[in-house]
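Asker: for reference, the sequence and a predicted model appear below.
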Amino acid sequence: MTEQLPTAEPEYDITGPLDTDAYAIFEDIDEQDLVLFKAARAYLTPEVQKTLQDAWDKGEYPTGLIPGLAESDLLRDGVEVEGKPTYSRLASGLATMELSRIDGSLSTIVGVQGGLAMRSIQMCGSDEQKATYLPKMAAGELYGAFALTEPTHGSDSVSLETTATPVDGGWRINGHKKWIGNGAAGGITVTWARSTEDGQVKGFIVHQDTEGYTAEVIRGKMSLRAIHQAHITYDDVFVPAEDVMPEATSFKNTAAVLFATRVGVAWAAVGHAVGCYEAAVQYSQQRVQFGRPLAHSQVVQERLARMLSELTQVQLLVLRASRLEDSGRLTGPQASLAKYSATRAARSIAANARDLLGGNGILVQNEVGKHFADIEAIHTYEGTETVQALIVGRDITGKGAFA
């Protein structure tokens, strides 16, 4: 008689959308603001999701997904491009949320290409530069990077040391940048450097095949593993006059670009939080322990209620922030508070979801472990938690405490 084998663990189907909306937020959003969200939902097929899982697991950049992002008009993060529809910041935020619900690397690809690189050119570039670069970037034909952070200047970005020296016909750039998404992708790098002439920070469009520009992909990351970031060296890199952005004349212009992306990062955090919460809900209904689904447990229900409370609060917060931004009333401290609150909530929700899934919570196929790791990156970039808190704190007290 053959001995009966123990029952094999079932496959869990926990990554599908539940459209969590405890306060009926989506009922009040206009259809035109849902266009990009729906495009992102349609784009994220099971095949795309599997590609992202494999790429994250292997630390590879799935550039084969870029044409699909461009075709769905998701690659420009709502940046205005001639001949393309105009979208609100709310519409772009909702799309970012949906992309992040599945994969943080994917939303970061859009944030780097559209939110930072394209937006810098759109806000600070000449009409000729916009016409030359933006259509190709929106179509995914030209990769764009945004180089501000340096090896010795992360949060203290205003103190950057990369220099730009005026010469006949253009400028020479020398220095280093670090953590630059798309910095080694073979496209262009919007580079922020300090002028040796007047000490002001200026913006330059640097072609990555220019002599003296070298970029090394950073390996060994635990977060955002499906997008490559680079350590860049500028060794007397020449930038012709036509690639100097005329409206990028001081760090105020750099800060304006960062301000325009901050609520988008908050939406990304909300997307991670949605992905973790919905996976936890579905897992609790499918996973049987002690003779019943986890969902029958009081402690599990309490934890899910806590997660939903945190999620709903930041959904409402970032929705309000986007509406303020679209009406031109969003302030810097409000944007910082949105980013600060959303990433803190996402970290808490991810930790609870990871714990609720037990050992299954660290498997890439179940997404939660991926979210758990990726949230650590967005919690840091575009201004760390501490920097955001100091911006809000200065607004509360009237006293700067950055030093």
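Answerer: Yep, it's here.
Asker: can we go C-alpha only for contacts and neighbour counts from here?
Answerer: Will do.
Asker: where in the stretch 251-400 of the chain is pLDDT low?
Answerer: Along the stretch 251-400 of the chain, no part satisfies pLDDT under 70.
Asker: helices along the stretch 251-400 of the chain, start to end?
Answerer: For the stretch 251-400 of the chain, the helices defined by DSSP state H, counting those that start in this stretch occupy 251-286, 298-326, 332-356, 368-380, 385-397.
Asker: could you dump those helices to JSON lines with mean neighbour count and distance to Gly187?
Answerer: As requested, the helices of the stretch 251-400 of the chain are exported to JSON lines (neighbours: other C-alpha atoms under 10 Å; distance: least, C-alpha to C-alpha, whole Å):
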{"stretch": "helix 251-286", "mean neighbour count": "25", "distance to Gly187": "20"}
{"stretch": "helix 298-326", "mean neighbour count": "18", "distance to Gly187": "30"}
{"stretch": "helix 332-356", "mean neighbour count": "24", "distance to Gly187": "29"}
{"stretch": "helix 368-380", "mean neighbour count": "23", "distance to Gly187": "24"}
{"stretch": "helix 385-397", "mean neighbour count": "16", "distance to Gly187": "31"}
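Asker: CSV for those, including distance to Ser100?
Answerer: Below are those laid out as CSV (distance: least, C-alpha to C-alpha, whole Å):
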stretch, distance to Ser100
helix 251-286, 5
helix 298-326, 14
helix 332-356, 11
helix 368-380, 9
helix 385-397, 19
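Asker: Leu316 versus the nearest residue to Ala241 once chain neighbours are set aside, what's the distance?
Answerer: Leaving out its chain neighbours, the residue that sits closest to Ala241 by C-alpha to C-alpha, 6 or more residues apart in numbering is Gly170, at 4.3 Å. The gap separating Gly170 from Leu316 is 47 Å, by C-alpha to C-alpha, to the nearest Å.
Asker: got it, and Leu116?
Answerer: For Leu116, the distance to Leu316 - C-alpha to C-alpha - is 25 Å.
Asker: give me the domain ranges for this structure.
Answerer: The chain breaks down by automatic domain parsing into domains covering 26-138, 144-250, 252-397.
Asker: for Ile14, find the nearest of the ones you listed.
Answerer: Nearest to Ile14 among the domains of the chain is domain 252-397; the distance by C-alpha to C-alpha comes to 4.9 Å.
Asker: residue contacts, Gln286?
Answerer: Tyr12, Pro293, Leu294 (C-alpha atoms under 8 Å, 6 or more residues apart in numbering).
Asker: let's see 7 Å
Answerer: When contacts are counted by C-alpha atoms under 7 Å, 6 or more residues apart in numbering, Gln286 touches Tyr12, Pro293.
Asker: could you check how far it is from Asp13?
Answerer: From Gln286 to Asp13 the distance is 8 Å (C-alpha to C-alpha).
Asker: which residues do those two both contact?
Answerer: Counting by C-alpha under 7 Å, 6+ apart, nothing touches both Gln286 and Asp13.
Asker: please export the C-alpha coordinates of the helix or strand hosting Thr96 as PDB.
Answerer: If you go by DSSP states H and E, Thr96 is part of helix 89-102. Extracted as PDB, the C-alpha positions of helix 89-102 are listed here (Å, rounded to 0.1, in the frame of the first residue of the first chain):
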ATOM      1  CA  ARG A  89      -1.500  66.000 -12.300                       C
ATOM      2  CA  LEU A  90      -4.300  63.900 -10.700                       C
ATOM      3  CA  ALA A  91      -4.500  61.800 -13.900                       C
ATOM      4  CA  SER A  92      -0.700  61.200 -13.900                       C
ATOM      5  CA  GLY A  93      -0.800  60.400 -10.100                       C
ATOM      6  CA  LEU A  94      -3.500  57.800 -10.500                       C
ATOM      7  CA  ALA A  95      -1.500  56.100 -13.300                       C
ATOM      8  CA  THR A  96       1.600  56.100 -11.100                       C
ATOM      9  CA  MET A  97      -0.400  54.500  -8.300                       C
ATOM     10  CA  GLU A  98      -1.600  51.700 -10.600                       C
ATOM     11  CA  LEU A  99       1.900  51.100 -12.000                       C
ATOM     12  CA  SER A 100       3.300  51.000  -8.400                       C
ATOM     13  CA  ARG A 101       0.600  48.600  -7.300                       C
ATOM     14  CA  ILE A 102       2.300  46.100  -9.500                       C
END
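Asker: residue contacts, the residue nearest to Ala269 when sequence neighbours are not counted?
Answerer: Nearest residue to Ala269 in three dimensions, chain neighbours excluded: Thr343, at 5.3 Å (C-alpha to C-alpha, 6+ apart). Thr343 makes contact with Ala266, Ala269, His379 under the criterion C-alpha under 7 Å, 6+ apart.
Asker: ok, which stretches of the stretch 151-300 of the chain are strands?
Answerer: Using DSSP state E, counting those that start in this stretch, the strands found in the stretch 151-300 of the chain span residues 163-167, 170-181, 188-195, 201-207, 213-217, 229-240, 288-289, 292-293.
Asker: quick one: the fifth one to strand 201-207, angle?
Answerer: Calculated by axes from the mean of the first three to the mean of the last three C-alpha atoms, to 10 degrees, strand 213-217 forms an angle of 80 degrees with strand 201-207.
Asker: pLDDT on strand 213-217, on average?
Answerer: Across strand 213-217, pLDDT averages out at 98.
Asker: what strands line up against it, and which way round?
Answerer: Strand 213-217 has its sheet partners listed here by DSSP bridges as strand 229-240 (antiparallel).
Asker: you'd agree Gln200 is up against Ser250?
Answerer: Yes: using C-alpha atoms under 7 Å, Gln200 makes contact with Ser250 at a distance of 5.1 Å.
Asker: residue nearest the centroid of the protein?
Answerer: Thr108 (3.5 Å; C-alpha atoms, centre = their mean).
Asker: and that one, how far from Asp33?
Answerer: 21 Å.
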